[in-house]
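Trainee: Sequence plus predicted model, see below.
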Amino acid sequence: MANLCMRAHKGMRPQDIVILSKIICSGDTDWQNKDLAKALHISPSEISESLNRSMLAGMINDQKRMVFRQSFLEFILHGFHYVFPALPGRMANGICTAQSHPWMSKQFQAEMQYVWPYARGKVRGLAIEPLYPAVVYAVQNDEQLYKMLALMDVLRAGRARELKVAVSELKKMIKYRT
């Protein structure tokens, strides 16, 4: 334990947010690092390193099993867009994200589609780089994770009217997901 406490914390990485989000979306499901690795298309060693960073940042408990939801939510709401900003870029085929996610598009008429670039994507829109490249594969089998990460993209690249709705839904998903 002393070695972990003395290890320098070099900050959170984008995949740490994806991993913590997956743990929250897993609810009460008993998981192992290898399960997260397979579901997220991230190596087991990267999962382990990520959980260590998250523990040092105060986002997960010492056993690396329980996300401190209030701390995670505070970071997402107040620091996330500064640390992991997103500016829509070139036109690309991809998977809808941010305001273009199916849940958000029910709330607002989107002027422009936003997508995570993906060669097999069926929607053309402005590209927003996902937090981690493998997100496009991970969300195909996890609707809750897809929704949560797309709502986070609203925080990274959205406008005020979408932000209010996204924040409200993220609070529900992070605080009350079981």
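Mentor: Thanks, I have it.
Trainee: Quickly list the domain ranges of this structure.
Mentor: 2-83, 91-176 (automatic domain parsing).
Trainee: need the least confident one among those domains, by mean pLDDT.
Mentor: Among the domains of the chain, domain 2-83 carries the lowest mean pLDDT, at a mean of 89.
Trainee: now the domains of the chain in JSON lines, with mean neighbour count?
Mentor: Backbone N, C-alpha and C define where each C-beta goes, glycine included. Shown next, in JSON lines, are the domains of the chain (neighbours: other CB atoms under 10 Å):
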{"stretch": "domain 2-83", "mean neighbour count": "16"}
{"stretch": "domain 91-176", "mean neighbour count": "18"}
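Trainee: A strand includes G94, no?
Mentor: Yes - G94 sits within a strand when classified using DSSP: H, G, I helix; E, B strand; the rest coil.
Trainee: Please name the nearest non-neighbouring residue to it.
Mentor: Leaving aside its sequence neighbours, G94 sits nearest to V115 (CB to CB, 6 or more residues apart in numbering; 3.1 Å).
Trainee: Direction included, what does the helix or strand harbouring that neighbour pair against?
Mentor: Assigned by DSSP states H and E, V115 belongs to strand 114-117. Using DSSP bridges, strand 114-117 pairs in its sheet with strand 91-96 (antiparallel), strand 123-127 (parallel).
Trainee: wait, which of those is closest to V135?
Mentor: Closest of the strands paired with strand 114-117 to V135 is strand 91-96, at 8.6 Å (criterion: CB to CB).
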